[in-house]
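J.: I would like the atomic coordinates for the input below:
(one chain, ligands or ions: 1)
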Amino acid sequence: METGKSKELFIRAQKTIPGGVNSPVRAFRSVGGTPLFIQKAKGSYLYDADGNKYIDYIASWGPMILGHAHEEVVRAIQERAANSTSFGAPTELEIEMAELITGMVPNVDLIRMVSSGTEACMSAVRLARGFTGRNKILKFEGHYHGHADSFLVKSGSGMATLKIQTVPGITPGVAEDTLTAAFNNLHAVEEQVKKYSGEIAAIIVEPVAGNMGCVPPEKGFLESLRALCDKENIILIFDEVMTGFRLAPGGAQEKLGIRADLVTYGKVIGGGMPVGAFGGRKEIMEHIAPLGKVYQAGTLSGNPIAMIAGITTLKILKENPSIYKELQEKTRYLQDGLEEVLHKKNFPFVINRFGSMISLHFTDYPVTDFESSSQSNMERFSQFFHGMLEQGIYLPPSAFESWFLNNAISTRDLDETIDAADQLSIS
Ligand SMILES: *Cc1c(COP(=O)(O)O)cnc(C)c1O
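T.: As a prediction, this is how the structure comes out:
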């Protein structure tokens with residue numbers, strides 16, 4: 001596959017952009033090689049600067065759940081753009097979005113729109129602290145909640161990929177207020193809660209983890225967190241930036257039947273535009289300014305173009321709940337196919353899947369937390385990644401990322417992907 005143009009662009013990009021990318025995981029650092037510069041995408045396919053075509057399993061890290069350049073979404077954006085792209089004043093679209101979300105997801109009375117998942121999680125934690133009057137939060141190792149200071153402790157995603165343990169620039173005070181525990185380990189959580197009794201404002205969790213590969217919650221784990229939070233008056237925050245509107249119309253809360261106190265959204269909620277949101281029960285959300293004193297704001301929050309892209313996407317999902325069944329069936333088909341061809345090869349592997357999130361680790365052991373994810377064979381993952389890319393299959397360039405299926409992916413695409421894995425000669 002000829003990728004000369006991407007290589008040229010990458011050299012040029014590095015002269016004016018740190019590392020040539022605007023978000024670290026894009027740089028292919030852990031798998032090596034040159035990132036592909038993308039020119040366009042349609043349905044399930046990406047086209048790079050050299051005109052090569054790829055089946056896309058990243059979906060912009062989740063948002064493009066309907067496939068790329070979905071006609072209704074594109075048309076809605078075009079129509080709105082003609083009426084100006086921003087006002088800095090309220091619009092009816094924002095009400096429509098809030099009504100749509102509160103109608104789709106359980107347990108959210110009030111919702112505030114922001115422009116990224118990072119902002120959503122950062123604001124939810126501030127609110128939890130303001131509401132409880134406590135300072136500490138507890139997060140899980142290998143979970144990622146955006147790049148706000150308090151989350152960059154034992155973080156997943158790019159931090160794990162780049163093997164960054166502590167981040168220069170984050171003050172010891174902030175780091176001390178972030179407690180961590182292993183995912184799926186209730187005992188570790190209970191120990192922290194006991195040790196810091198009355199000091200923990202919130203426990204924030206990815207209900208189905210997707211930033212250390214896909215790692216589902218073990219039976220009873222989230223239920224136990226819920227009970228523990230109730231007992232200790234700790235705010236339970238579900239970070240549904242990845243799982244919201246992806247696992248079900250009502251996200252992980254609906255799919256798993258557990259209610260969080262605050263929920264954060266991003267990715268799918270913007271239909272490919274920069275959007276995030278946080279919401280929850282009225283008595284907590286009423287502490288946000290201008291109702292309360294917990295300040296939070298944004299010049300472009302609720303931007304009309306971002307709202308219409310999100311509303312159009314969410315409405316399609318709401319009106320066609322069969323999409324979730326189709327996505328799940330496609331993902332299971334992929335898992336079955338990959339397992340069949342990889343079993344013929346001479347190495348151990350584990351495929352984790354939940355709904356339309358799936359990931360592959362080269363390891364003998366079940367992947368249930370950050371440690372087991374980290375112990376998988378990264379060298380073999382790099383070989384797998386490049387071998388697939390060479391055959392036109394675009395996967396996340398790290399074992400610390402989930403793959404996301406989009407509904408434009410066809411059975412033929414899946415068969416092609418499984419065949420590509422069959423063709424691989426990796427050691
Ligand atoms: C992507 C992600 C974020 C951060 O969202 P951004 O829009 O990149 O700031 C937060 N939490 C989770 C679970 C994510 O996957």
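
J.: now do the strands in the stretch 201-350 of the chain.
T.: Under the criterion DSSP state E, counting those that start in this stretch, strands of the stretch 201-350 of the chain are mapped to 235-239, 262-265, 276-280, 350-354.

J.: ok, which of those strands comes nearest the ligand?
T.: Nearest to the ligand among the strands of the stretch 201-350 of the chain is strand 235-239; the distance by C-beta to the nearest ligand atom comes to 4.5 Å. All C-beta spots, glycine's among them, are computed from the backbone N, C-alpha and C.

J.: partners of that closest one, with directions?
T.: Using DSSP bridges, the strands paired with strand 235-239 are strand 200-205 (parallel), strand 262-265 (parallel).

J.: which of the residues in it are buried?
T.: 235-239 (16 or more other C-beta atoms under 10 Å).

J.: that one vs strand 276-280, what angle?
T.: Interaxial angle of strand 235-239 relative to strand 276-280 (axes from the mean of the first three to the mean of the last three C-alpha atoms, to 10 degrees): 150 degrees.

J.: give me the residues contacting strand 235-239.
T.: Applying C-beta atoms under 8 Å, 6 or more residues apart in numbering, the contact partners of strand 235-239 are 117, 121, 124-125, 128, 131-132, 143, 145, 201-207, 225-226, 229, 251-253, 258, 260-264, 284.

J.: tell me how many other residues surround Leu186.
T.: Counted with other C-beta atoms under 10 Å, the neighbours of Leu186 add up to 18.

J.: same question, Ser86
T.: For Ser86, using other C-beta under 10 Å, the count is 13.

J.: before we move on, back to that, looking at the strands of the stretch 201-350 of the chain, which is nearest to Ser402?
T.: Smallest distance to Ser402 across the strands of the stretch 201-350 of the chain (C-beta to C-beta): 8.5 Å, for strand 350-354.

J.: so what strands line up beside that closest one?
T.: By DSSP bridges, strand 350-354 pairs with strand 357-361 (antiparallel).

J.: list the contacts of the partner strand.
T.: Counting by C-beta under 8 Å, 6+ apart, 208, 210, 213-214, 242-243, 246-247, 331, 334-335, 338, 349-353, 367, 373, 376, 381, 384, 399, 401-405 sit against strand 357-361.

J.: now do that strand: distance to the chain's middle.
T.: Strand 357-361 sits 13 Å away from the centroid of its parent chain (C-alpha atoms, centre = their mean, to the nearest Å).

J.: one step back: distance to Ile418 and mean pLDDT added to the strands of the stretch 201-350 of the chain, as a markdown table?
T.: Shown next, in a markdown table, are those (distance: least, C-beta to C-beta, whole Å; pLDDT from 0 to 100):
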| stretch | distance to Ile418 | mean pLDDT |
| --- | --- | --- |
| strand 235-239 | 32 | 98 |
| strand 262-265 | 32 | 98 |
| strand 276-280 | 35 | 98 |
| strand 350-354 | 12 | 98 |
